[in-house]
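Visitor: Next input, structure requested:
(one chain, ligands or ions: 1)
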Amino acid sequence: MRYELYYWPGLQGRGEFVRLALEEAGADYVDVARHGETGMKAMQSELTSTERVELPFAPPFLMAGKHLVWQTANILQFLGPRLKLVGGSGAKRIFTHGLQLTIADLVAEVHDTHHPLSTNLYYEEQKDAALIRAGDLIDSRLPKFLDYFERVLTNNPHGDVQLVGKGLSYVDLSMFQLIEGLHYAFPLGMSGFETLYPRLAALRTHIAQRPRIKAYLKSKRRIPFNLSGIFRHYPELDRPPKKNHR
Ligand SMILES: N[C@@H](CCC(=O)N[C@@H](CS)C(=O)NCC(=O)O)C(=O)O
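Guide: Numbers count the residues shown, from 1 in each chain. Here you go, the predicted structure:
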């Protein structure tokens, strides 16, 4: 099976959560829109199709044979069993999907730190609001989410470098990406991370050392973080957390 991933070229964005799963599994895939003008045209034509019943709203979306799947968490839920990146059955899979959706919630909040008023306005047009939103993320929202994820790792009786059950699942790869992105965007805001969240820190190290992920991170396929993605480093939005919040 050759998977076709459709995502904006030049940024990691939400496409990266899917790429990491495909890379870890050694799957045969093509990152369609990164293949020049034809690739971009193909993506646009899927998004504006007047015939397709299963019309995707926004990238990322995935073509897998006759299936077209969109929404990052939905794509990963679809890929999980196919790539052997999810274990268990009913309850475990539902929990894994719930965690993935919770990551998606935080990803949306991170996006809103640089686009708090509207996605349609430039960052420069909403800098004042961005400052308030980023401060709130650092002081309040990040600790709430990260405390929760750390608790999930603590409560897993099967080990503490995987979020669900005994083995690696796609949500561990997404957690790695989330932690990487947060460190890129908010190096000061994330200060104290290793001490406060030792299990999340261990998960991050563990995933980075997996042979296929390690090779991928060094490859040209891994687009560097930049100011077009979801995780953006604007020094003016970054500062250490206020002490009374932790
Ligand atoms: N909830 C969707 C969000 C998809 C999304 O917002 N995609 C962005 C790129 S990361 C996009 O192209 N959005 C176009 C738009 O919202 O108009 C997901 O997780 O896949």
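Visitor: Around the ligand, which positions in the chain sit nearby?
Guide: With Cβ under 6 Å from any ligand atom as the criterion, the chain meets the ligand at residues 13, 14, 58, 59, 60, 71, 72, 104. C-beta coordinates here come from the backbone N, C-alpha and C atoms, glycine included.
Visitor: Would you mind writing the PyMOL command to select the buried ones in the residues you listed?
Guide: The buried subset of the residues of the chain next to the ligand, as determined by 16 or more other Cβ atoms under 10 Å, is captured in PyMOL by this line:
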select buried, resi 13+14+59+60+71+72+104
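Visitor: Reformat the residues of the chain next to the ligand as JSON lines; add secondary structure and pLDDT.
Guide: Below are these laid out as JSON lines (DSSP: H, G, I helix; E, B strand; the rest coil; pLDDT from 0 to 100):
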{"residue": "13", "secondary structure": "coil", "pLDDT": "98"}
{"residue": "14", "secondary structure": "coil", "pLDDT": "98"}
{"residue": "58", "secondary structure": "coil", "pLDDT": "97"}
{"residue": "59", "secondary structure": "coil", "pLDDT": "98"}
{"residue": "60", "secondary structure": "coil", "pLDDT": "98"}
{"residue": "71", "secondary structure": "coil", "pLDDT": "98"}
{"residue": "72", "secondary structure": "helix", "pLDDT": "98"}
{"residue": "104", "secondary structure": "helix", "pLDDT": "98"}
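Visitor: how deep is residue 169 tucked in, by neighbour count?
Guide: 27 (other Cβ atoms under 10 Å).
Visitor: So it sits against residue 80, correct?
Guide: Yes: counting by Cβ atoms under 8 Å, residue 169 touches residue 80, with 6.8 Å between them.
Visitor: list residues touching both of those two?
Guide: 86, 96 (Cβ atoms under 8 Å, 6 or more residues apart in numbering).
Visitor: Tell me which stretches of the chain form helices.
Guide: 15-24, 36-47, 72-82, 90-114, 127-136, 142-155, 170-185, 193-196, 198-208, 211-218 (DSSP state H).
Visitor: Rounded mean pLDDT for stretch 21-29, please.
Guide: The pLDDT scores in stretch 21-29 average 98.
Visitor: Next one: residue 124 from residue 236, what distance?
Guide: 11 Å (Cβ to Cβ, to the nearest Å).
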